[in-house]
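**Q** Sharing a model prediction with you, sequence too.
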Amino acid sequence: MIPCTHDAGSTAVARPKTGTTPIRRVRLGDEIWEQVERAAGEDDTTNTAIVKEALADYFAKRARQKRARRLAEAQADDSRDPA
């Protein structure tokens, strides 16, 4: 067993490495984490899959917003330019 220390000094047993993806740590409040766990249970998936999907959705939304801003700025520039 591989010991792993978590919040408040409690000790848990970590799983052996199963891949090459680095382990990342983030702080999530209890309310968010409970929603992650609930969604994972309802969707029969892992907490990691829920967090990955949420982050992927966030970055896709962010990219769409950036494209929309650039398009709006380009259109505004075009409307100011006398042809």
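**A** On my side now, so go ahead.

**Q** Name the helix or strand for residue 13, please.
**A** Assigned by DSSP states H and E, residue 13 belongs to strand 11-14.

**Q** Quick one: mean pLDDT for that strand?
**A** Strand 11-14 carries an average pLDDT of 68.

**Q** Could I get the full set of helices for the protein?
**A** According to DSSP state H, the chain carries its helices in the segments 30-42, 47-80.

**Q** Among those helices, which comes closest to residue 22?
**A** Closest to residue 22 of the helices of the chain is helix 47-80 (C-beta to C-beta; 12.7 Å). Every residue, glycine included, has its C-beta placed from N, CA and C.

**Q** so what does that closest one touch, helix or strand wise?
**A** helix 30-42 (3 or more C-beta pairs under 8 Å, 6 or more residues apart in numbering; DSSP states H and E).

**Q** what does the helix it packs on contact?
**A** Residues from elsewhere that reach helix 30-42 (C-beta atoms under 8 Å, 6 or more residues apart in numbering): 28, 46-47, 49-51.

**Q** Filter those down to the buried ones.
**A** The neighbour-count test (16 or more other C-beta atoms under 10 Å) marks 50-51 as buried among the contacts of helix 30-42.

**Q** Let me have the contacts of helix 30-42 in a markdown table, adding distance to residue 62 and pLDDT as columns.
**A** Shown next, in a markdown table, are those (distance: C-beta to C-beta, whole Å; pLDDT from 0 to 100):
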| residue | distance to residue 62 | pLDDT |
| --- | --- | --- |
| 28 | 19 | 96 |
| 46 | 24 | 97 |
| 47 | 23 | 97 |
| 49 | 20 | 97 |
| 50 | 19 | 97 |
| 51 | 16 | 97 |
